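# any chance you could fold what I've pasted below:
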Amino acid sequence: MDNVSIVVESLDDAISFFTEIGLKLEGRATIEGEWAGRVTGLGSQHVDIAMMATPDGHSRLELSQFLSPPIISDHRNAPVNSLGYLRVMFTVEDIDELVSRLIKHGAQLVGEVVRYENSYKLCYIRAKDGLLIGLAEQLSNS
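Residues are numbered from 1 along each chain as shown. Below is the predicted model of the structure:
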């Protein structure tokens, strides 16, 4: 897999949020022109993107802010059992500490941080702009 794309309202806010999780900004660009519209089927488009890489370098998120055409659908508040792409989950070292940092960025817990047996602590969190993100902390086997 090369990357997962997420459409956002504010590219700067999304970069800040995902940087807090631990991703690194690889670069920003503007995508426009007839060739891009042929790929997406949207025709003429103007999109600012940012590519964010996970700390291990194995995965990337492409954050996209559409300037034109306007966004016509919004799935950010769909319940977690909705069809389609739902969330991206990140492995983190200290879920409680990260959640408190993300809340300072306007995020909210969807439910609560729970412990799954002696394996993981897990939660879903919604970013300030409504994106659903999963966090997983692997627990030590001691």
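# now the helices: where do they sit in this structure?
Residue ranges of the helices in the chain, as given by DSSP state H, are 11-21, 34-40, 95-103.
# which of those helices is buried the deepest?
Across the helices of the chain, the average number of neighbours (mean count of other C-beta atoms under 10 Å) peaks for helix 11-21, which reaches a mean of 18. C-beta here means a position set from N, CA and C on the backbone, and glycine is covered the same way.
# list of residues touching that helix?
Applying C-beta atoms under 8 Å, 6 or more residues apart in numbering, the external contacts of helix 11-21 come out as 6, 8, 25, 28, 48-50, 52, 61, 63-65, 90, 92, 98, 101-102, 105, 107, 127-129, 131, 133, 135.
# counting only strands, which of the residues you listed make the cut?
Counted as lying in strands by DSSP state E, out of those, are 6, 25, 28, 48-50, 52, 61, 63-65, 90, 133, 135.
# just the buried ones among the contacts of helix 11-21, please.
If you count burial by 16 or more other C-beta atoms under 10 Å, the buried members of the contacts of helix 11-21 come out as 6, 8, 48-50, 52, 61, 63-65, 90, 92, 98, 102, 107, 127-128, 131, 133, 135.
# tell me the gap between stretch 102-112 and the middle of its chain.
Here stretch 102-112 is found 14 Å from its chain centre; the criterion is C-alpha atoms, centre = their mean, to the nearest Å.
# endpoints of it, how far apart?
Distances were taken as C-alpha to C-alpha, to the nearest Å; on that basis the terminal residues of stretch 102-112 are 14 Å apart.
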